[in-house]
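[1] Sharing a model that was predicted from the sequence below.
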Amino acid sequence: MLKRAKALFLSLLSLVVSLPAMGAAVAESSTRQLNMPQGVTEVSQAAYDIHMVMVWVCTVIGVGVFGFMFYVMYAHRKSRGAVAENFHENLVVELLWTIVPAIILIVMAVPATTALLKVYDTDNPDLEIKITGYQWKWQYEYLGEGVKFMSELNTSLDEVYGREPKGEHYLREVTEPLVLPVGKKVRFLVTGNDVIHSWWVPDFGVKRDAIPGLFTAGWAKTDEPGIYVGECTELCGLGHAFMPVVVEVKEEAEYNEWLAGKKAEAAEYAATIGKQWTDEELMVRGEEVYERSCAACHQSNGEGIPGVFPALKDSPIALGPMEGHIAILIDGVAGSSMQSFADQLSEVDIAAVVHYERNAWGNDVGDVTQPIDVLNYKQSK
Amino acid sequence: MAHGPATLADGWKAYISRWVFTTNHKDIGTLYLWFSFAMFILGGAFAMIIRAELFQPGMQLIKPEFFNQMTTMHGLVMVFGAIMPAFVGLANWMIPLMIGAPDMALPRMNNLSFWILPFAFAILTSTLFMEGGGPNFGWTFYAPLSTTYAPDSVNYFIFAIHIMGASSIMGSINIIATVMNMRAPGMTYMKMPLFVWTWVITAFLLVAVMPVLAGAVTMMLMDINFGTSFFNAAGGGDPVLFQHVFWFFGHPEVYIIILPAFGVVSQIIPTFSRKPLFGYSSMVYATAAIAFLSFIVWAHHMFTVGMPIAGELYFMYATMLIAVPTGVKVFNWITTMYKGALTFETPMLFSIAFVILFTFGGFTGLMLSIAAADMQYHDTYFVVAHFHYVMVAGAVFSGTAAIYYWLPKWCGKMYNETMGQVQFWIAFIGFNIAFMPQHFLGLAGMPRRYADYGLQFADWNMVSSVGAFIYGGAQIMLLFNVIMTIRKGKPVSEEKVWEGAEGLEWTVATPAPYHTFEKPPEVK
């Protein structure tokens, strides 16, 4: 019996001990990380500090309360000859253990409030970025700069389904990261396009829900260049785990160079819209776009998921007139999970993917969809 | 006129009729308990699928679409199918025995409130076999994922929720009516066992919030089928409205689950301490205080939706307050043990583990209440770990304790103590291996409801899955122990099964006769 008690005591003690251990073992390597990251912004530091305060307060109380409990379990056992007493109330003690915790809480409320004020200090930013959550990617728009792009998972489905070995950055890599300058206060305006997503970068301490029809604001300012990885943290459908956030913080000169490059890219792109694309070019690009943006629902083989996502293979739309097909991509289908891709994909990408869908998996319409057709449809509206 | 229940000896027809048409609180309690255990196994099977998939990074066994259905169904089945009916079953069995009543106040409604439940869960589970799959939007079913973007089966889900709500409301009305009208002479309110008190308060919570849930799903139904825009931003609605309505139900709901568990533990700890419960009246007041607070803290589940800072601060402060009455309870339980004469039979082991692990979950709850830190914890595995510490180590451990504690009274046979204790240790160790690492995963940045994860989370996920399988195995052992007890257990005939047990339920014969307290006992 005594042996059993000892085992009980030890295993329970290890639980209590593990909390402070979480604090002590702030591992450098992210693979064995046990605790909240301190991060690189004031907000993440504030969250970390209040977190540690709470960890220690809880640890001290826990050690006291459980320590007393284990003492009782050891000392007042019937097997050791304990005889039960009969007391069952004591006003002073009962008042004390109501009032003392209340006072502890009031004291803790002070740093908790200060930390929260920091989270909400979104005024006077140097740069504003509009972040839009889509099923299942992020769009970043540099307000006032005319730069806007999508950021999607860059891990292949082959890695996900184990047909290829998983790379070092499995599910932590995107087509294009959000790029920020060091030392600038950046305000994020977060919203959603379809369902609710949530944009989280642990090292910034920023987690804001991306809600359709609403903007939520967060901010970050860091002096440490580097790559910071985050996640979507609100269940948003089957691709929820597959829309990471990657932020690259660059020195200001590098950032400016990058921004200038993005602007030039946009100008260059405008010129390619009028170009005539060949069937082959469109099929190659279309397959790329399809795998990235369409295959999650409609599947790589174009057969969809019966009852949820319609098949594109042999579908009346894919085999019907081109304009109807383009319309679906531009306008989406109201009341369904088929969203509008007008703001997510470029005209070239839409043309390529429409062409691909009309000519893959045995679909053989044979027509060639050009970016200009897409642009014309957009302008006709 | 009293008559015994039909047994198998009377033929199948009579036996089945007995259970289908029964108005006996003990029969209905038994039905609830078996049903909830069946749901517990079903919900557990869903959890095993989840943990098997998360054993390694990458998608090995199932597709993300099905994974989302599993997380959703696991939550719904466990909350509405396993834990809530289990405690309603205990209430049916024990409340009349504890207050000296011959039966529940409304026996026919009692029958109805049980028998609609299997239909609700048949409907809910059948959605898994429908084209498009079952609900895949999480047990919190946030709009618009659960409206515009939901599979067609969502309508069945809504119907099932309505039936469950009706069942809960009827069950609650019954409990309130029973306790208010059918107490034995001399059984004043402040003499009622704490289990009865916690259930009365829970019943009031249920009556208050189940209609709110019904409202939420009805608005969904309207949005999906009749073109309204309650939650559709494009039509002028607000997705955040859904969350407010849902959590106005959802937060009291988690106390609905935990308060009867408090009651059970408050019965068991005094028994095995051989000492009366310390601070009875403060326990009652603390329970009422927790119930009241549960109505005014709901938006702490929504710290990241961008509320104004004033709202955020209010919900933070209010939430922190809950620690006070909860602390009072924990201190009372420990002081009950202080200077008692403790023995550690299986029900006591589960109750002590309840106090420790629930308190641990309370600590993480307090951490979660701090809004600035919650920005990092929110929707990560830290939250998953937190609520499994309070729901599993809280509600499920206390339910298990209750089964071991009252089983001898119910069936007149003693369970196998060694097997019970072994089962406890397997459950206890398995539980902690499963859920302790989830704290680390959450703090390190793994969001919840992820079908797949980066390589940095691989180690702890594997540990967690192993623990989950061990914990799952322990439940099969519990089932085995209960069945063996009923079939071959050592007969018990003392009215007071446990040396230190107090209360009216221990004054009736063992096993408890089909009809008890036909003449009300006198309580001094």
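    Sure thing, it's come through.
[2] Every contact and neighbour count from this point should use C-alpha atoms.
    Noted.
[3] Quick check: the residue nearest the centre of chain A vs residue B:370, distance?
    For chain A, residue A:232 is the residue whose C-alpha lies nearest the centre (Cα atoms, centre = their mean; 1.9 Å). Applying Cα to Cα, to the nearest Å, the value for residue A:232 to residue B:370 is 21 Å.
[4] centroid residue for chain B?
    residue B:83 (2.9 Å).
[5] Please list the residues of the stretch 251-381 of chain A that sit near chain B.
    Neighbours of chain B within the stretch 251-381 of chain A, by Cα under 8 Å from any Cα of the partner chain: A:305-308, A:335-337.
[6] Filter those down to the buried ones.
    A:305, A:308, A:337 (16 or more other Cα atoms under 10 Å in any protein chain shown).
[7] where does the last one land in three-state SS?
    On the three-state scheme (DSSP: H, G, I helix; E, B strand; the rest coil), residue A:337 is labelled coil.
[8] That one contacts residue B:146, correct?
    No - using Cα atoms under 8 Å, residue A:337 is not in contact with residue B:146, being 11.1 Å away.
[9] Distance from the chain centre to the strand or helix carrying residue A:209, please.
    According to DSSP states H and E, residue A:209 maps onto strand A:206-210. Averaged C-alpha coordinates place strand A:206-210 at 8 Å from its chain's average position (Cα atoms, centre = their mean, to the nearest Å).
[10] With stretch A:58-65 instead?
    On Cα atoms, centre = their mean, the centre of stretch A:58-65 falls 34 Å from that of its chain.
[11] Also stretch B:256-273?
    Distance, centroid of stretch B:256-273 to centroid of chain: 13 Å (Cα atoms, centre = their mean).
[12] Any part of that stretch near chain A?
    Yes - if you take Cα under 8 Å from any Cα as the test, stretch B:256-273 does meet chain A, through residue B:273.
[13] Can I get that stretch in PDB? Just the C-alpha atoms.
    Output in PDB follows, covering the C-alpha atoms of stretch B:256-273 (Å, rounded to 0.1, in the frame of the first residue of the first chain):
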ATOM      1  CA  ILE B 256     -23.300  22.000 -17.300                       C
ATOM      2  CA  ILE B 257     -20.800  19.300 -17.900                       C
ATOM      3  CA  ILE B 258     -18.500  19.900 -14.900                       C
ATOM      4  CA  LEU B 259     -20.900  20.900 -12.100                       C
ATOM      5  CA  PRO B 260     -22.500  17.400 -11.700                       C
ATOM      6  CA  ALA B 261     -18.900  16.100 -11.700                       C
ATOM      7  CA  PHE B 262     -18.200  18.400  -8.800                       C
ATOM      8  CA  GLY B 263     -21.300  16.900  -7.100                       C
ATOM      9  CA  VAL B 264     -20.100  13.400  -7.600                       C
ATOM     10  CA  VAL B 265     -16.700  14.100  -6.200                       C
ATOM     11  CA  SER B 266     -18.300  15.900  -3.200                       C
ATOM     12  CA  GLN B 267     -20.100  12.700  -2.400                       C
ATOM     13  CA  ILE B 268     -17.100  10.300  -2.800                       C
ATOM     14  CA  ILE B 269     -14.400  12.200  -1.000                       C
ATOM     15  CA  PRO B 270     -16.200  12.400   2.300                       C
ATOM     16  CA  THR B 271     -17.100   8.700   2.100                       C
ATOM     17  CA  PHE B 272     -13.500   7.600   1.800                       C
ATOM     18  CA  SER B 273     -12.200  10.300   4.200                       C
END
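[14] Stretch B:453-464: end-to-end distance?
    14 Å.
[15] Was I right to think residue B:453 contacts residue B:58?
    Yes - contact criterion Cα under 8 Å: residue B:453 and residue B:58 qualify, at 7.2 Å.
[16] mind listing the helices for the stretch 1-150 of chain A?
    Secondary structure of the stretch 1-150 of chain A (DSSP state H, counting those that start in this stretch): helices at A:2-24, A:42-75, A:91-119.
[17] Just say which of those helices is most tucked in.
    Stretch with highest mean neighbour count among these: helix A:42-75 (a mean of 19; mean count of other Cα atoms under 10 Å in any protein chain shown).
[18] tell me what that helix is packed against?
    Here helix A:42-75 touches helix A:2-24, helix A:91-119, helix B:323-337, helix B:346-369, helix B:371-377, going by 3 or more Cα pairs under 8 Å, 6 or more residues apart in numbering or on different chains; DSSP states H and E.
[19] could you check whether the third one is close to chain A?
    Yes - when contact is scored as Cα under 8 Å from any Cα, part of helix B:323-337 falls within range of chain A: B:323-325, B:327-328, B:331, B:334, B:336-337.
[20] and that helix, what does it pack onto?
    helix A:42-75, helix A:91-119, helix B:239-273, helix B:280-294, helix B:346-369.
[21] Outside of it itself, list whatever touches it.
    A:65, A:69, A:72-73, A:76, A:88, A:94, A:97-98, A:101-102, B:266, B:269-270, B:273, B:275-279, B:282-283, B:286-287, B:289-290, B:355, B:359, B:362, B:366 (Cα atoms under 8 Å, 6 or more residues apart in numbering or on different chains).
[22] Narrow the residues you listed to those that are buried.
    Burial by neighbour count, 16+ other Cα under 10 Å: within the contacts of helix B:323-337 this picks out A:65, A:69, A:72-73, A:76, A:94, A:97-98, A:101-102, B:266, B:269-270, B:273, B:275-279, B:282-283, B:286-287, B:289-290, B:355, B:359, B:362, B:366.
[23] Good, we can wrap up now.
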